[in-house]
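Chemist: the following block contains a protein sequence and its predicted model.
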Amino acid sequence: MPGLIDSHIHLTDFDPGTDIAALVSQAFENGVTHMVCNGTSEADWTQVQRVAEECPGVIPCFGLHPWFVVRRSKEWLSILEKLVRDHKCGVGETGLDRCADLLDKDAQEEAFRAQLDLAYRYDRPAMVHCVRSWGWLMDVLRSTQRLPRMVVHAFGGSTDMIKCLADMGAYFSFSATVLNDNFKRARTALFAAPPDRLLVETDAPNMVPPEPFRVYRLTGISGEMNHPANLATITNGIADLLGEEPDALRELLWSNAREFLGDLIKQ
């Protein structure tokens with residue numbers, strides 16, 4: 001049976017003092033073989049690099065999240081390009097978010113476009129964040145001539161968006177939110193996503209799964225956090241929703257992740 005690949009996680013966002021190596025080890029003991037660890041700003045890129053070096057199976061991604069665009073330095077893009085050039089990595093987390101504090105729409109779009117271009121030029125997968133910006137996202141993507149392969153993480157868009165994004169080469173990653181009966185739009189999108197573009201994620205320490213999918217628990221100063229070892233129960237829950245056998249879904253997810261991540265996956 002193939003291993004599980006967590007297509008989106010933030011291993012540097014757990015509370016200070018959290019034993020990250022222990023979290024990764026617990027996840028690997030529960031069938032996870034790879035984690036796509038996303039950076040969000042210049043402040044965490046070094047940490048992302050260190051975690052990936054210390055924990056085999058962790059795939060680093062370096063990017064500027066829309067929440068932190070206003071804090072970027074003048075040199076952010078050159079620093080990011082050097083990281084992407086010098087490491088086997090993805091580009092992300094990047095994207096668009098109308099809910100971001102200190103919203104600077106022009107700066108967000110400029111940063112997003114720059115990171116899409118960077119991912120394309122270095123043939124790296126891009127990890128895309130989109131919150132309440134679906135029309136804006138489509139406008140940017142449609143006006144970009146050279147798109148990298150990309151995944152829209154924690155997809156929460158409408159089913160109408162799926163075909164358009166799939167035609168652009170996008171993958172769709174779903175988190176534990178689809179297991180919550182109150183998130184009907186995400187669940188509907190899960191059913192509409194092309195099977196060969198489907199990925200799963202924990203987005204840990206965020207997006208704590210609903211009961212009974214919260215097998216591993218973490219509590220810190222920021223409250224309850226998601227644990228990467230929950231990916232197995234999240235995947236089984238998604239398989240149940242889709243009417244698939246868990247092993248068959250794992251085979252599909254592994255194949256999709258191999259296609260999307262390419263040589264970033266170590267055998």
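Modeler: On my side now, so go ahead.
Chemist: which residues of the protein fall in strands?
Modeler: 4-9, 32-38, 58-62, 90-97, 126-131, 150-152, 170-174, 198-200, 218-220, 223-225 (DSSP state E).
Chemist: give me the contacts around the fifth one.
Modeler: Which is strand 126-131. 8, 36, 38, 61, 63, 65-66, 90-99, 115-116, 119, 137, 148-154, 156-157, 170 (Cβ atoms under 8 Å, 6 or more residues apart in numbering). All C-beta spots, glycine's among them, are computed from the backbone N, C-alpha and C.
Chemist: show the buried residues in those residues.
Modeler: Neighbour-count burial (16 or more other Cβ atoms under 10 Å) applied to those gives 8, 36, 38, 61, 63, 65-66, 90-97, 115-116, 119, 137, 148-154, 156-157, 170.
Chemist: next, the distance between the ends of stretch 169-183.
Modeler: Start-to-end span of stretch 169-183 (Cα to Cα, to the nearest Å) is 25 Å.
Chemist: buried residues in that stretch?
Modeler: 170-179, 183.
Chemist: check those and tell me the two furthest apart.
Modeler: Ala170 and Leu179 (22.4 Å; Cβ to Cβ).
Chemist: what separation do you get for Trp76 and Val178?
Modeler: Distance from Trp76 to Val178, counting by Cβ to Cβ, to the nearest Å: 34 Å.
Chemist: what packs against the lowest-mean-pLDDT helix or strand in the chain?
Modeler: The weakest-scoring helix or strand in the chain, judged by mean pLDDT, DSSP states H and E, is strand 218-220 (a mean of 89). In terms of contacts (3 or more Cβ pairs under 8 Å, 6 or more residues apart in numbering; DSSP states H and E), strand 218-220 is packed against strand 223-225.
Chemist: show me what the strand it packs on is in contact with.
Modeler: 14-15, 204-206, 208, 217-219.
Chemist: in its sheet, which strands sit next to that strand, and in what direction?
Modeler: Take DSSP bridges as the rule and strand 223-225 pairs in its sheet with strand 218-220 (antiparallel).
Chemist: residues in contact with the partner strand?
Modeler: By Cβ under 8 Å, 6+ apart, strand 218-220 touches 14-15, 18, 23, 205, 224-227.
Chemist: got the contact list for Trp40?
Modeler: Actually, residue 40 is Thr. It isn't Trp. 10, 13, 63-65, 67-68, 93.
Chemist: what about 10 Å?
Modeler: 10, 12-13, 48, 61-68, 92-94, 129 (Cβ atoms under 10 Å, 6 or more residues apart in numbering).
Chemist: for these, which one is nearest Leu261?
Modeler: Checking those against Leu261 with Cβ to Cβ, the nearest one is Cys61 at 10.2 Å.
Chemist: doesn't Leu118 make contact with the closest one?
Modeler: No - at 11.8 Å, Cys61 does not count as touching Leu118 under the criterion of Cβ atoms under 10 Å.
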